[in-house]
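Participant: I'll drop the sequence and a predicted model, then ask my questions.
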Amino acid sequence: MRCSHGGARRPRGGNEGIGVRVSVIIPTHNEAQAIGRVLADLPSNLVTEVIVVDSNSTDGTPDLAREMGAQVIQEPRRGYGRACLTGLANTQNPDVVVFLDGDYSDRPSELPIILAPIIEGRADITLGSRFGGKSNPAALPWHQSFGNRLAAGLIRLLYGVKVSDLGPFRAGRADVLRALALEEATYGWAVEMIVKGAIAGFRIVEVSVSYYPRIGKSKISGTVKGTVGAAWFILSRIVRYSLRRRRAGTPRPAYVPMGQFLMESSSQTTVCFSHPNRTLVIMAKAPKPGMVKTRLTESLPSPAVTALYRCLLEDTLALATSLTSVEVAVMCPESDQNELAHLVRNTVQVVAQKGEGLAAGLTSVFRHFTAAGRQHVIAFNSDSPHLAPSVLDSAFEILATHDVVVGPTHDGGYYLVGAKAAYPALFESDRMGTKSALDRLLTRTKALELSTGFTEPFYDIDIANDLIQLARELRLAPTRAPRTAAWFSEWEQAVAQLRH
């Protein structure tokens, strides 16, 4: 099979309106006057489930929400962020999660505006800005408006994300929200999603939404104490996360001097770093039946697995070659060199490893390329084309201040490893396929007294559950790995059986 470009089909069991599962989370506290209007205005053809998380209401809000068909969860602990986290934990396998206030200050009918950038594959997180739409000037008190603009300006300065507001009407891909490991239970919720998303390299897009005076009294902006407390907490969290990133050696993603350039559109900004002596080496095999992704053959026909690996490899090459000022190469078993050179059409260097197995291949990567004068070398697996390019950029930045950089996977392995020199003992006799691969690597870096930095945890494609997760992601953003998305369309029925 030749991998071809193509869009993803509508997921099974998803919403018929847009082909994805959308969960809406609405935190409430005494919103009886408004909750009926909020729920009535939600476009039913776009929503799979509505979760109202209620915090000790005494005015009948939960009963009204149930009568309108919403699932109601009681969260006795106070805190806006805590209510959002509780709702998130109770969603039923959504593709996208939307957060919306229960006071009717946001307009639920504008849900398509919030969803569009994610559904179209342009964003991982969408933020609704109250400063660009048809907003009532009296909806935001001057002190709240000033505080939001100040916080947004600080985020632009420290993180390079083009936002103007920290509004509550927002949405995110469910897998992205899980990856961010959100934890702020109070005012910090407003910024945590944004700054963690920026640090991880996810695409954040702001859209204009309407905003009107809330029905009822505000729990925060309605009091001087609430406004000052929220502002101080939010600003301190923005700075705190920035300091954490600097200590970890993660680069600031934008607003940097010459040596970098910006590719900018009306909705988002991508940052490309320009640095010499960066080499990204893809660890690959020739796509031969029975030789690649063998654990998946327990669940899928061998021809499907072979075709999948080829698509993953070609999309991974496209990801790698999209980086700026990075030399891309392939390391492979000697028996696969000619076939892979033909597959990549000699667009990148294909090097035969010395010895058998992945450990020998990794050792060959650093021996070969550091001996050739390359100063920053990263070995990257061939089955993560859905990784954000900014994660690879950050890996090189981390390597600049550490001896070794590692990208851990959720199953105890790692999807990339980089070094500035060859360390023969680093991968010696390593059982790369075991769940202890990362621990064994870190034990060796410690024994060799090598400083180690880490990129964001991620996953590669080894088993059926990994494939199911990737299918869900590519339904939302097929352009991240178009060949692999096309494979999912072709083998849709076989992949659907994996869920049973």
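Facilitator: Received the coordinates, thanks. Numbering: from 1, shown residues only.
Participant: which stretches of this protein have low pLDDT?
Facilitator: Along the chain, the parts satisfying pLDDT under 70 run over 1-19, 132-143, 216-233, 235-236, 239, 241-276, 429-434, 499-500.
Participant: just want the most central residue of it.
Facilitator: The centroid of the chain falls nearest to residue 176 when counting by CA atoms, centre = their mean (4.0 Å).
Participant: residue contacts, the closest residue to it other than its chain neighbours?
Facilitator: Leaving aside its sequence neighbours, residue 176 sits nearest to residue 124 (CB to CB, 6 or more residues apart in numbering; 4.6 Å). No exception for glycine: its C-beta is placed from N, CA and C like everyone else's. For residue 124, the contact set (CB atoms under 8 Å, 6 or more residues apart in numbering) comprises 118, 172-173, 176, 197, 202-204, 477.
Participant: one more time with 6 Å
Facilitator: Neighbouring residues of residue 124 by CB atoms under 6 Å, 6 or more residues apart in numbering: 173, 176, 202-203.
Participant: quick check, nearest of the residues you listed to residue 484?
Facilitator: residue 173 (16.8 Å; CB to CB).
Participant: if we can go back for a sec, among the contacts of residue 124, which are in helices?
Facilitator: residue 176 (DSSP state H).
Participant: out of the contacts of residue 124, which are buried?
Facilitator: Buried members of the contacts of residue 124, scored by 16 or more other CB atoms under 10 Å, are 173, 176, 202-203.
Participant: from those, which is closest to residue 304?
Facilitator: Of all the buried ones among the contacts of residue 124, residue 173 has the smallest distance to residue 304: 25.9 Å, by CB to CB.
Participant: give the bridge partners for that closest one, please.
Facilitator: residue 96 (DSSP bridges).
Participant: pop the domain breakdown of this protein in here.
Facilitator: Per automatic domain parsing, the domain ranges recorded for the chain read 22-248, 275-497.
Participant: please compute how far the longest one lies from its chain's middle.
Facilitator: A distance of 18 Å separates the centroid of the chain from that of domain 22-248, by CA atoms, centre = their mean, to the nearest Å.
Participant: same question for the shortest one.
Facilitator: Computed by CA atoms, centre = their mean, the chain-centroid distance of domain 275-497 equals 18 Å.
Participant: switch to numbering from 36
Facilitator: Understood, numbering begins at 36; the last thing we discussed is domain 310-532.
Participant: give the buried residues for stretch 508-527.
Facilitator: Per 16+ other CB under 10 Å, stretch 508-527 contains these buried residues: 508-513, 515-526.
Participant: SS state for residue 510?
Facilitator: At residue 510 the chain is in helix, as set by DSSP: H, G, I helix; E, B strand; the rest coil.
Participant: got it, and residue 107?
Facilitator: strand.
Participant: what is the burial count for it?
Facilitator: Residue 107 is flanked by 19 other residues according to other CB atoms under 10 Å.
Participant: might you report the residue contacts of it?
Facilitator: Applying CB under 6 Å, 6+ apart, we find residue 107 in contact with 87, 97, 100-101.
Participant: okay, these in TSV with neighbour count next?
Facilitator: Shown next, in TSV, are these (neighbours: other CB atoms under 10 Å):
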residue	neighbour count
87	28
97	21
100	27
101	12
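Participant: so of these, which ones are in strands?
Facilitator: Judged by DSSP state E, the contacts of residue 107 include residue 87 as members of strands.
Participant: would a markdown table of the contacts of residue 107 with distance to residue 455 be doable?
Facilitator: Listed next are those as a markdown table, based on distance: CB to CB, whole Å:
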| residue | distance to residue 455 |
| --- | --- |
| 87 | 53 |
| 97 | 58 |
| 100 | 57 |
| 101 | 60 |
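Participant: of all the contacts of residue 107, which comes closest to residue 356?
Facilitator: The closest of the contacts of residue 107, once distances to residue 356 are taken by CB to CB, is residue 87, at 47.0 Å.
Participant: contacts only, for the residue lying closest to that closest one once chain neighbours are set aside.
Facilitator: Leaving aside its sequence neighbours, residue 87 sits nearest to residue 100 (CB to CB, 6+ apart; 4.2 Å). Residue 100 makes contact with 70, 87, 107, according to CB under 6 Å, 6+ apart.
Participant: follow-up on the earlier one: which one of the buried ones among the contacts of residue 159 sits closest to residue 135?
Facilitator: Ranked by distance to residue 135 (CB to CB), the buried ones among the contacts of residue 159 are led by residue 208 at 16.6 Å.
Participant: between the contacts of residue 107, which is nearest residue 339?
Facilitator: residue 87 (42.5 Å).
Participant: tell me the contacts of the closest one?
Facilitator: 61, 63, 100, 105, 107 are the contacts of residue 87 under CB under 6 Å, 6+ apart.
Participant: show me what the helix or strand where residue 434 lies is packed against.
Facilitator: Residue 434 belongs to helix 424-435 when assigned by DSSP states H and E. Judged by 3 or more CB pairs under 6 Å, 6 or more residues apart in numbering; DSSP states H and E, helix 424-435 is in contact with strand 411-416, strand 439-443.
Participant: that one to strand 439-443, inter-axis angle?
Facilitator: Helix 424-435 runs at 150 degrees relative to strand 439-443, counting by axes from the mean of the first three to the mean of the last three CA atoms, to 10 degrees.
Participant: next, the buried residues of helix 424-435.
Facilitator: 424-434.
Participant: so which of these is the closest to residue 183?
Facilitator: Nearest to residue 183 among the buried residues of helix 424-435, counting by CB to CB, is residue 425 at 25.8 Å.
Participant: and the closest one, how far from residue 431?
Facilitator: Here residue 425 is placed at a distance of 11 Å from residue 431 (CB to CB, to the nearest Å).
Participant: next up, phi/psi of the residue nearest to residue 211, please.
Facilitator: phi -100, psi -30 (degrees, to the nearest 10).
Participant: what's the burial count for the nearest residue to residue 93 once chain neighbours are set aside?
Facilitator: Excluding its sequence neighbours, the residue lying closest to residue 93 (CB to CB, 6+ apart) is residue 65, at 6.4 Å. A total of 20 residues lie near residue 65 under the criterion other CB under 10 Å.
Participant: is residue 65 in contact with residue 92, as I believe?
Facilitator: Yes: here residue 65 reaches residue 92: they are 4.9 Å apart, a contact under CB atoms under 6 Å.
Participant: if we can go back for a sec, out of the buried residues of stretch 508-527, list just those in helices.
Facilitator: Residues of the buried residues of stretch 508-527 located in helices (DSSP H): 508-511, 517-525.
Participant: would you list those residues in a markdown table and tack on distance to residue 316?
Facilitator: Shown next, in a markdown table, are these (distance: CB to CB, whole Å):
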| residue | distance to residue 316 |
| --- | --- |
| 508 | 25 |
| 509 | 25 |
| 510 | 31 |
| 511 | 30 |
| 517 | 23 |
| 518 | 21 |
| 519 | 21 |
| 520 | 25 |
| 521 | 26 |
| 522 | 24 |
| 523 | 27 |
| 524 | 31 |
| 525 | 30 |
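Participant: from those residues, which is closest to residue 138?
Facilitator: residue 511 (29.2 Å).
Participant: so how far is residue 117 from that closest one?
Facilitator: Relative to residue 117, and taking CB to CB, residue 511 is found at 27 Å.
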